[in-house]
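Chemist: Next one to model:
(one chain, ligands or ions: 1)
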Amino acid sequence: MSSTTPAGTATFGETATGQHPWWADAVIYQIYPRSFADGNGDGMGDLPGIRSRLPYLANLGVNAVWLSPFYVSPQADAGYDVADYRAVDPRFGTLADFDAMLAEAHSLDLKVIVDLVPNHTSDEHEWFQAALPSQPHSAERQRYMFREGSGPDGSLPPNNWQSIFGGNAWTRVADGQWYLHLFDTKQPDLNWENPEVREEMVSVLRFWLDRGVDGFRIDVAHGLVKAEGLPDWSERASMVEGREHSPGVEDTGAEDADITGLETEPTPPYFDQPGVHAIYREWNSVLSEYEGNRMLVAEAWVEPAERLFHYVRKDEMQQAFNFGFLLAGWNAARLQASIEESLLEAGKVGAPSTWVLSNHDTVRHTSRFGLSDPTTFPKGLSADDEQPDEALGLARGRAAALVMLALPGSAYLYQGDELGLPEHTTLPHSVREDPAFFRTGGVERGRDGCRVPLPWTAASPGFGFGNYPEGNSGPNDDGARPWLPQPESFAAYAADRQVGVAGSTFELYRRALELRRAHRLGSGAVEFSELNDPARGVLSFRNGDVLVVANMGGAPVKLPAGYGMLAASTSDAIRGAAGVLAPDTSAWLRMVPNGSTGR
Ligand code: GLC
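Modeler: Reported below is the predicted structural model:
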């Protein structure tokens, strides 16, 4: 049995008054604006739609929302290609809609985090538009990464870097120079060696801080600074190397106890360069001028965890996404290793850890966990691929939520997690929009399947995502329909089938969040329990007075006497008078004071 009581747990992020800042143990709900709620019935989610559903989130019991980009953008990468950092795209509403949404969120005691995309702009940003007709080496060009080509006539790219989305990372412009884009051609990388770029992004931070946002999620936080001389890099370009999908291969995980999901790879010259940290130190001091414990959370696919936690040293960001936990999959040994490593590294820098199972870039965990190898990380799924076992994936997804929400630190939910929503695994290629699908020739199915509009009401057209005419629930050609088609199976997951319905996934999350607050799990500590036995698929730990048991193995697990049940991932998770926990379930137990079995 091992025990993990991180040195810094008691003091992480403490303010001068000794209070924990709000973000230290917050549960933060990711809203993907295109797909959350459509207020004007044009098929695309928007800010008024978000505002109208804030009471739903307050009822769920989250502490904050994080909004993916809603700024002016040609939407070449669903808004992660920003053309104007200070304006709302008309598809999503207006600045006044943003202010109204923010005010309403605050009145419901919900914090609001917005997405900042500093690595690249859209090619339609005024800076890039000014760079194109300007001379090589001009001030306009030096805001981006323009270089001469290689080869005798410069007709070859400056180096061999590949785009994360597939294909070359360089595009040639009319006068023969090339510009770098780690992502799509329409996402030129900014030159972070240029002080003008640094000043501009600080000014953008201030613009939103002045409006009252509580924090920023920093997109590709590890990518801004590139290695001197832009040396060649022959390894595969990827944000993340998950486990290959190897159906049928039995993996108990026992042999890779130190694996947290991110294999140790050499660092590419465009990621995790030492120079990025000075940027975050500057931003930290900008935020500290504002009241209210504003925060920064890094999207940094960096390994090992020790390097990731460099981003949350005291004078840098407040949080970093814990993708090692996300990549661990449904596997006790891998999850335990991730939890131990995260808490250890978090303790060293005095920061809280974060936990996350899904986001807008990953196949939803309910679907990953229903694959024959529930530790794989496919880059999208299509009808030609192995189809997940939906019921099994849902059971495991619910069980994993109870593991995540019992951990100390901050937890991130992706919209629809609380409904147990699966990935859309059979989207026709004709409706896909993710540039990764097109740039890899379909080898990567892409991320559209996790971005399908939410089902709010089972019996309405478009499942109530917006107000659509009768008979318009699926793809048709009058334009008024959700921007991606929803599978018929979404009816069963609709919010109106779950809110207030005993046993629903929504009520499980609501109850878990309530208990998490009541038992102060977010500011607690983890101690692996005597039941913990990863070789048999059992993950079990204590946090304060709560005993968490998750059964990721094939056999029932005998529960100890003297405990009462606080929550269980399904109504029949605990069976028999003696109390055994069924496979693919989890439970929160608490010792019954008089020692009698409270089950
Ligand atoms: C981040 C975003 C992803 C986007 C990419 C480029 O990884 O989460 O959606 O495509 O950055 O901005």
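
Chemist: Now for whichever residue of the stretch 251-400 of the chain sits closest to the ligand: which residues touch it?
Modeler: Nearest residue of the stretch 251-400 of the chain to the ligand: Asp361, at 4.8 Å (CB to the nearest ligand atom). For the C-beta atoms, the positions are set from N, CA and C on the backbone; glycine is no exception. By CB atoms under 8 Å, 6 or more residues apart in numbering, the residues touching Asp361 are Met239, Arg447, Cys450.

Chemist: just those residues: which has the poorest pLDDT?
Modeler: pLDDT is lowest at Met239 among these; the value there is 83.

Chemist: Now do the contacts for the most centrally placed residue in the chain.
Modeler: Closest to where the C-alpha atoms of the chain average out (CA atoms, centre = their mean) is Asn359, at 3.5 Å. The neighbourhood of Asn359, defined by CB under 8 Å, 6+ apart, consists of Gln30, Phe321, Leu326, Tyr412, Tyr414, Cys450.

Chemist: again, but for Val276
Modeler: Contacts of Val276 by CB under 8 Å, 6+ apart are Ala221, His222, Gly223, Leu224, Val225.

Chemist: any idea how far the ligand is from the third one?
Modeler: In this case it means Gly223. As for Gly223, its distance to the ligand is 8 Å (criterion: CB to the nearest ligand atom, to the nearest Å).

Chemist: now, which of the contacts of Asn359 lie within strands?
Modeler: Of the positions in these, Gln30, Tyr412, Tyr414 sit in strands, assigned by DSSP state E.

Chemist: Does the first one touch His360 like I think?
Modeler: Yes - at 7.0 Å, Gln30 and His360 qualify as touching, with contact defined as CB atoms under 8 Å.

Chemist: Give me the common contacts of the two.
Modeler: Common contact partners of Gln30 and His360 (CB under 8 Å, 6+ apart): Ser68, Tyr414.

Chemist: Name the residue in these two with the higher neighbour count.
Modeler: Per other CB atoms under 10 Å, whichever of Gln30 and His360 has more neighbours is Gln30, with 24 against 18.

Chemist: how about the residues of the stretch 251-400 of the chain that lie near the ligand?
Modeler: Counting by CB under 6 Å from any ligand atom, the positions of the stretch 251-400 of the chain adjacent to the ligand are Glu299, His360, Asp361.

Chemist: Contact partners for the first one?
Modeler: Residues counted as contacts of Glu299 (CB under 8 Å, 6+ apart) are Arg217, Ile218, Asp219, Val220, Ala221, Phe321.

Chemist: rerun that using 10 Å as the cut-off
Modeler: Applying CB atoms under 10 Å, 6 or more residues apart in numbering to Glu299 gives the contacts 115-117, 119, 217-223, 239, 311, 320-321, 323, 359, 361.

Chemist: Restricted to strands, list the residues you listed.
Modeler: Asp115, Leu116, Arg217, Ile218, Ala320.

Chemist: Dump these into JSON lines; add pLDDT and neighbour count as well.
Modeler: Formatted as JSON lines, the ones in strands among the contacts of Glu299 follow (pLDDT from 0 to 100; neighbours: other CB atoms under 10 Å):
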{"residue": "Asp115", "pLDDT": "98", "neighbour count": "21"}
{"residue": "Leu116", "pLDDT": "98", "neighbour count": "24"}
{"residue": "Arg217", "pLDDT": "98", "neighbour count": "25"}
{"residue": "Ile218", "pLDDT": "98", "neighbour count": "26"}
{"residue": "Ala320", "pLDDT": "98", "neighbour count": "26"}
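
Chemist: quick one: stretch 187-194 to chain centroid distance?
Modeler: Chain-centre distance of stretch 187-194: 24 Å, with CA atoms, centre = their mean, to the nearest Å.
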